[in-house]
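>>> Fold the following and give me the result.
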Amino acid sequence: MKAMTQDAYGSADVLRLDDIPIPTPKPDEVLVRVHAAGVGPEVWHPMTGQPYLVRIMGYGVRRPKQPVPGRDLAGTVEAVGTDVKDVEVGDEVYGSGSGTLAEYACAPAGRLAPKPSNLSFVQAAAVPVSACTALRGLRDEGRVQPDQSVLIIGASGGVGTFAVQLAKTFEAQVTGVCSTPKVDLVRALGADHVIDYTREDFATKPERYDLILDTAGRRSLARLRRALMPDGTLVIVGGEGGDRVTGGFLQRQIGSLVLSPFVQQRLRGLISNERRKDLLYLKDVIESGSVNPVIDRTYPLAEAAKPLSDDEQGHGRGKRVVTVLTDEST
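Numbers count the residues shown, from 1 in each chain. I've put the predicted structure just below:
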């Protein structure tokens, strides 16, 4: 099969299109014929091995353990492991797996769900990692409630575009933070208010928020807490920013966990983790029309390095998607 591969950490230049064997699913896994795969920070960090902390988190200290990058996928089930009960050959599914920038990829059955019927494979591939992260940040860690004021930083990005829409399904009052060219997009997604960070600083404004979901990763805890209600909740997504060793994990994720017991505000960190029950929840809200994926651009598999270049990081609208199987069903 065709796949993007790498045998060393580095920029997108380490990626090459290779012919490699089709993987064999483990007993609890499913083999998926990949139609499309989403790409974002969750692919960029393991590809580059930065911050270096990711290397000791199971990705490989000196070189990648998984030579094929990629996590999001949408496609058709080709084979199932001996222990799989809820997925059958021929099912159209979406979710997350391992090495999804390839014609075939394996995924745990517990991280797959039926593809939303109103989405193409390309649209569905934009959902799993970003939307599950947004859902868990708002509902599970943020404990969002109707009529609460919610500030979403990075509202035009992969996680942020889903967070704005999901927060509205929870009947919250949503303020999105983004740059000037993306203000109209964030407003169109349903945000009640939009702050252009190139013109205004949310931390110096008088408004205070019940919940802040920070997906952009470059602001200090002190600055974020200034915009939070005294009993509000801050949820920090991922580990962007910081140095090359720990990134934003040490200062922001771990820092929030250490500080939280000593302040009235709830400070939480969140690393994305896709689960079947969350994918099923998202399937329902997507099919209801309440949430729609925002796709910045699509790329063929042979050009999968382009959306993962350093120059592209953090500048898109929504999610980028790599198309693997190009036919009418995609």
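
>>> Helices of the stretch 1-150 of the chain, residue ranges please.
41-48, 121-125, 128-135 (DSSP state H, counting those that start in this stretch).

>>> For those, give me a markdown table that also has distance to G157 and mean pLDDT.
No exception for glycine: its C-beta is placed from N, CA and C like everyone else's. Output for the helices of the stretch 1-150 of the chain, formatted as a markdown table (distance: least, C-beta to C-beta, whole Å; pLDDT from 0 to 100):
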| stretch | distance to G157 | mean pLDDT |
| --- | --- | --- |
| helix 41-48 | 9 | 85 |
| helix 121-125 | 16 | 98 |
| helix 128-135 | 8 | 97 |
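
>>> Would you mind telling me which of those is nearest G81?
Closest approach to G81 among those is made by helix 128-135 (19.6 Å; C-beta to C-beta).

>>> Contacts for the closest one, please.
The contact list for helix 128-135 (C-beta atoms under 8 Å, 6 or more residues apart in numbering) reads 38, 40, 42, 71-73, 94-96, 111, 158-163, 166, 213, 215, 237-238, 270, 272-275, 278-279, 281-282, 291, 293, 319.

>>> List only those of the residues you listed flagged as buried.
Listed as buried from these are 38, 40, 42, 71-73, 94-96, 111, 158-163, 166, 213, 215, 237-238, 270, 272, 274-275, 278-279, 281-282, 291, 293, 319; burial here means 16 or more other C-beta atoms under 10 Å.

>>> low pLDDT regions in the stretch 201-330 of the chain?
By pLDDT under 70, the low-scoring segments of the stretch 201-330 of the chain are 239-255, 262, 310-316, 326-330.

>>> how about low-confidence regions in the stretch 51-200 of the chain?
51-53, 56-58.

>>> Could I get the helices of the stretch 1-150 of the chain in TSV, plus columns for distance to D13?
Output for those, formatted as TSV (distance: least, C-beta to C-beta, whole Å):
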stretch	distance to D13
helix 41-48	10
helix 121-125	24
helix 128-135	24
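
>>> Between those helices, which one is closest to K306.
helix 41-48 (12.2 Å).

>>> Give me the residues contacting that closest one.
6, 9-12, 14-15, 51, 54, 59, 64, 66, 69-72, 101, 129, 158, 238, 240, 272, 308, 313.

>>> Report the secondary structure state of P261.
At P261, secondary structure determined by DSSP: H, G, I helix; E, B strand; the rest coil is helix.

>>> need the contact list for it.
Contacts of P261 (C-beta under 8 Å, 6+ apart): none.

>>> again with L279
Counting by C-beta under 8 Å, 6+ apart, L279 has contacts Y94, G95, R111, L112, A113, V127, P128, C132.

>>> circling back: emit the ChimeraX select command for whichever of the contacts of helix 41-48 are buried.
Applying 16+ other C-beta under 10 Å to these, the buried members can be selected in ChimeraX as follows:
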select :6,9,12,14,15,51,54,59,64,69,70,71,72,101,129,158,238,240,272,308
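
>>> Give me the subset of the contacts of helix 41-48 that lies in strands.
D72 (DSSP state E).

>>> quick one: the strands in the stretch 101-250 of the chain?
104-108, 112-114, 149-153, 173-178, 193-196, 209-214, 228-237 (DSSP state E, counting those that start in this stretch).

>>> circling back to that earlier point, list just the nearest of the contacts of L279 to V84.
Looking across the contacts of L279 and measuring by C-beta to C-beta, the closest to V84 is L112, at 9.4 Å.

>>> Pull the contacting residues for the residue nearest to that closest one when sequence neighbours are not counted.
In space, and not counting its chain neighbours, L112 is closest to G95: 3.7 Å by C-beta to C-beta, 6 or more residues apart in numbering. With contact taken as C-beta under 8 Å, 6+ apart, G95 is in contact with L73, A107, R111, L112, A113, P128, E274, R276, L279.

>>> Can you lay out these as CSV showing distance to T198?
Shown next, in CSV, are these (distance: C-beta to C-beta, whole Å):
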residue, distance to T198
L73, 35
A107, 39
R111, 37
L112, 40
A113, 38
P128, 31
E274, 33
R276, 40
L279, 35
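
>>> Which two of those have the greatest separation?
Taking C-beta to C-beta as the measure, the contacts of G95 have their most distant pair in L73 and R276, spaced 14.0 Å apart.

>>> With distance to R225 added, can I get the contacts of L279 in a markdown table?
What follows is the contacts of L279, written out as a markdown table (distance: C-beta to C-beta, whole Å):
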| residue | distance to R225 |
| --- | --- |
| Y94 | 36 |
| G95 | 35 |
| R111 | 34 |
| L112 | 38 |
| A113 | 36 |
| V127 | 31 |
| P128 | 31 |
| C132 | 26 |
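
>>> For burial, what's the neighbour tally of the residue nearest to R143 when sequence neighbours are not counted?
Leaving aside its sequence neighbours, R143 sits nearest to T233 (C-beta to C-beta, 6+ apart; 6.6 Å). A count of nearby residues for T233, using other C-beta atoms under 10 Å, gives 24.
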